[in-house]
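**Q** return a 3D structure for these sequence lines:
(one chain, ligands or ions: 1)
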Amino acid sequence: MQPTRPRFITKIYPALVVAALVASQALCRPMTLAATPRRAPEVATKSRVPAPRDVLGFTPGDDRKLAAWAQIVEYFKQLDRASDRVQLEELGKTTLGRPFMLATISSPENLKRLDRFKEIQRKLADPRLINSNDDEANKLVAEGRTIVMITCGVHSTEVGGNLVSMNIAHRLASDDSAETREILDKCIVLLVPSLNPDGVDIVKNWYDKTLGAASEGTAPPELYHHYVGHDNNRDWYAFTQIETQLTVDKVHNVWHPQIVHDIHQQGETGSRFFIPPYVDPWEPNVPPLIQAGVNFMGSAMAWELAAEGKRGVVINGVYDAWTPARAYQHYHGGIRILSETASARIASPTNVPFEKLTPQVNVDTRVRSWNFPMPWPGGEWRLANIVDYMQSGAFALMRNAARYRERWLRDFYQIGKDAVRERKPGEPFAFLIPPTIGRHDEGDAGWWGTVGLKRIVSILRRGGVEVFDAESAFEADGKQYPAGTKVIPMSQPYGAFAKTLLERQHYPDLREYPGGPPRRPYDVTAHTLPLLMGVDVARVEKAFTFAKAPGELDYFISHTDYADKPRVGLYKSYAASMDEGWTRWILDQHRNRFSYRSVTDPEVRTGNLRARFDCIIIPDQNARQIVEGLSKERYPAEVAGGLGEAGIASLKKFIEDGGTVITLNDASEFAIEHLGVPVKNVLKGVPPREFYCPGSILKIELEPGASLAKGAPLLKSVGESTLEESIAWFETGPAFEVTSRDARVVARFASEPKDLLLSGWLLGADKIAGKGAIVEVKRGAGRVIMFAFRPQYRGQSTATLP
Ligand SMILES: [Zn+2]
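**A** Below you'll find the predicted structure:
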């Protein structure tokens, strides 16, 4: 869910999908099967399959009723016991220790042969394992099942997802219609009732506590994922969080689903339901067959929903398909079908009059158009509507997964074949990562560089990529590479996943209309790991040979426990900031180097901070939010209000007394407005038409010998330049000009505008070229250090973490 912004784009969509849909109708025929045999005699005597109401005491979708995670787990346990179509598994524990669950749902016959179906998937995903004349593949395609993964509730305030998971499971387990039997027979459904079980309880506890109060229906005053909040759905290549790791390791990589349905909610006032096709741009490494499959499936679902009379369904609006952070499956042979249902106020009804409906990218929600054939008339919208749309969407998806079983499997095999074919001239043959130690400066830079290298290799391996070690030195593209160089050939099943993460992104210059302002991407525009992690990588186009080392050559990283760790306070606003969570995660990962605790508004306001802290970090957050916090009208007193005047005075005193305040990205604006630093933000008031950078990697130049930058792996080590250069993760941040000698620029954005952008998208480079990126301001006995970027971006930019 993201706030909707008015933007109008017209677009012509090919009639191909419609033609395919009409043609496909002929293939759809109901199936009749004999009664399902029971898997064990005692099961036959079991009572009927329980409905969610039998366990919860209410029906999912009832107004003002949320289920606790324990109740959802209990429902699935009872379903598992009562039905021979459901197998429940605990895959592991979440960040806060709750069980993370997977329900595998299919016909009893299929469930007996899961190992065989996994084997079929493994071979079709990697055609190197079968003979090349397609005979074996044809047999596997004939025998296999469509693997459909349905993930719910990654965003915990989007409460319909975890509730509808029970309805979906119940209908699959209890319904004996021809349609459901066809789904069970031809598909294996992998249902994850919540990708964030901790958040189910965080949201329910807050919602129940505030029922009947002014804060009923508000978001909780904390992140709904312990570390990363809403960004938990931006972790599908960095794999930083336990929940992402469990899903990738134990579902995606075991099953290689052809279809993944990710159930979400959007804002209250837009379309009622979004499904793909996505809007452009698509990340260019995604295979064309995935793109075509997404377009077909979304359009087919929308067609079925129209037949059910569901109004307000939009396709080809709002959401693009650029970042792999939301789409692991697009690089692993599977389509991602995102659905976004309009929200209510958590579980409380809302009312949206027709004239209050707001436009979204590529759709005016009050006007009928080709991609929005049945506008919604406005009015009451409640949890029951949400659950109903979600369930209809999921069943439309499963019906098309079953009907076109053979097609999904054949495409999946074809994608694998394309991935392992020989590379053509002009295509990269391999990427090489030479060993880091010895290339960076001694000491910390070598340490952080090695951390980066190890993380890149582990990310690629977790993503199924084969990474080899060269046993001895070798030559490629006329250059010598030492023993221990990591070799990542492109001809392998998930080579495209490696390629997109290792190369630089060139985001297209999209405008709302020709010559108009930039069209905002749905998420960020860059994901080049070697830049983010301070690691050298080479792209090689010509074929070469090298000797593979028999085992893995590892690089030693010492874990020095630093004796004189500064006492860090990490500012934590009740208007929860994801960047705060990411900072906390990073500090928790490096406890040998940092010691910190969180500090909230009341503690800052109380004062006497210097006695407790040497340094206070204020993560990326809008200045007004920092000062004003949550609304006093809607939120209870203990969490309402921000730093206020008392908090600002207390921070100023802390600095005078010798403390250091570090502000990240937008929080630097807070320092400018409230801490009296002699620094100007040159981007203040500059319209997007003149400057725009929505999440890209930029080049910065460090002042010679700057002690603040000590320990950072530098770009010069990758042969970029003789200057001391590094990167900045820039995402709608400020850029500084100092106005007094008390302020010193420690790092600037690259002085040549044409050199500034390393990966992603940037408009108006001249506006910030040569301007301050890190500024240090002396005040009394202390100082303020201001970053114009996020040095710890989503736990990925370890190049600037030191
Ligand atoms: Zn969402």
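
**Q** contacts, neighbours, all on C-alpha from now
**A** Will do.

**Q** okay, now the unreliable bits of the stretch 351-500 of the chain?
**A** Low-confidence segments of the stretch 351-500 of the chain, defined by pLDDT under 70: 436-443.

**Q** how about the helices in it?
**A** In the stretch 351-500 of the chain, helices defined by DSSP state H, counting those that start in this stretch lie at 383-403, 405-420, 444-462, 495-502, listed in chain order.

**Q** the last one: which residues count as buried?
**A** Neighbour counts over helix 495-502 (16 or more other C-alpha atoms under 10 Å) mark Gly495, Ala496, Phe497, Ala498, Lys499, Thr500, Leu501, Leu502 as buried.

**Q** do the same with the third one
**A** Counting neighbours by 16+ other C-alpha under 10 Å, one finds that the buried residues in helix 444-462 are 445-460, 462.

**Q** from Gly452, how far off is the residue lying closest to Arg461 once chain neighbours are set aside?
**A** Leaving aside its chain neighbours, Arg461 sits nearest to Val467 (6.9 Å; criterion: C-alpha to C-alpha, 6 or more residues apart in numbering). According to C-alpha to C-alpha, to the nearest Å, Val467 stands 15 Å off from Gly452.

**Q** what residues does the stretch 51-200 of the chain put near the ion?
**A** Residues of the stretch 51-200 of the chain found near the ion, taking C-alpha under 5 Å from the ion as the criterion, are His155.

**Q** returning to that earlier point: format the buried residues of helix 495-502 as TSV; extra columns: distance to the ion.
**A** Output for the buried residues of helix 495-502, formatted as TSV (distance: C-alpha to the ion, whole Å):
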residue	distance to the ion
Gly495	28
Ala496	26
Phe497	23
Ala498	26
Lys499	27
Thr500	24
Leu501	24
Leu502	27
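
**Q** from the ion, how far off is the residue most central in space within the chain?
**A** The C-alpha lying nearest the average C-alpha coordinate of the chain belongs to Arg234 (C-alpha atoms, centre = their mean; 1.4 Å). With distances taken as C-alpha to the ion, to the nearest Å, Arg234 is found 10 Å from the ion.

**Q** number of residues surrounding Ala178?
**A** 14 (other C-alpha atoms under 10 Å).

**Q** which residue is the nearest non-sequential neighbour of the residue nearest to the centre of the chain?
**A** Leaving aside its sequence neighbours, Arg234 is closest to Ala325 (4.5 Å, by C-alpha to C-alpha, 6+ apart).

**Q** quick check: that neighbour is in a helix.
**A** Yes: assigned with DSSP: H, G, I helix; E, B strand; the rest coil, Ala325 falls within a helix.

**Q** quick one: it from His506, how far?
**A** In this structure, Ala325 and His506 are separated by 16 Å, where distance is defined by C-alpha to C-alpha.

**Q** what of Gly695?
**A** In terms of C-alpha to C-alpha, Gly695 sits 12 Å off from His506.

**Q** compare those two (neighbour count), which wins?
**A** Summary of the neighbour comparison: Gly695 and His506, criterion other C-alpha under 10 Å, with Gly695 having more neighbours (23 against 17).

**Q** distance between stretch 161-169 and the chain's centre?
**A** Here stretch 161-169 is found 22 Å from its chain centre; the criterion is C-alpha atoms, centre = their mean, to the nearest Å.

**Q** ok, residues contacting it?
**A** By C-alpha atoms under 8 Å, 6 or more residues apart in numbering, the residues outside stretch 161-169 that reach it are 51-52, 60-61, 66-67, 72, 75-76, 105, 152-153, 191-194, 200, 263-264, 387, 390-391, 394-395.

**Q** distance to Val363 added to the helices of the stretch 351-500 of the chain, as JSON lines?
**A** As requested, these are arranged in JSON lines below (distance: least, C-alpha to C-alpha, whole Å):
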{"stretch": "helix 383-403", "distance to Val363": "19"}
{"stretch": "helix 405-420", "distance to Val363": "30"}
{"stretch": "helix 444-462", "distance to Val363": "37"}
{"stretch": "helix 495-502", "distance to Val363": "30"}
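
**Q** so which of those helices gets nearest His226?
**A** With respect to His226, and counting by C-alpha to C-alpha, the nearest of those is helix 444-462 at 21.8 Å.

**Q** for that closest one, list the C-alpha coordinates in CSV.
**A** Output for helix 444-462, consisting of C-alpha atoms alone and laid out as CSV, is shown next (Å, rounded to 0.1, in the frame of the first residue of the first chain):
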residue,chain,number,x,y,z
ASP,A,444,38.7,-1.7,8.5
ALA,A,445,38.3,-1.1,4.8
GLY,A,446,39.5,-4.6,4.1
TRP,A,447,37.2,-5.9,6.8
TRP,A,448,34.1,-4.2,5.4
GLY,A,449,35.1,-5.1,1.9
THR,A,450,35.3,-8.7,2.9
VAL,A,451,31.9,-8.5,4.7
GLY,A,452,30.5,-7.1,1.4
LEU,A,453,32.0,-9.9,-0.7
LYS,A,454,30.8,-12.6,1.7
ARG,A,455,27.3,-11.1,1.7
ILE,A,456,27.1,-10.9,-2.1
VAL,A,457,28.2,-14.5,-2.5
SER,A,458,25.8,-15.7,0.2
ILE,A,459,22.9,-13.7,-1.5
LEU,A,460,23.7,-15.2,-4.9
ARG,A,461,23.9,-18.7,-3.4
ARG,A,462,20.7,-18.3,-1.5
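
**Q** for it, which helices and strands make contact with it?
**A** helix 529-532 (3 or more C-alpha pairs under 8 Å, 6 or more residues apart in numbering; DSSP states H and E).

**Q** can you name the element that comes right after the helix it packs on?
**A** On the C-terminal side of helix 529-532, the closest following helix or strand by DSSP states H and E is strand 538-540.

**Q** just checking, what packs against that next one?
**A** Going by 3+ C-alpha pairs under 8 Å, 6+ apart, strand 538-540 lies up against strand 430-433.

**Q** what's the burial count for the closest residue in space to Phe395 that isn't next to it in sequence?
**A** Nearest non-adjacent residue to Phe395, counting by C-alpha to C-alpha, 6+ apart: Ile168, 8.0 Å away. Here the number of neighbours of Ile168 (other C-alpha under 10 Å) works out to 19.

**Q** good, wrapping up.
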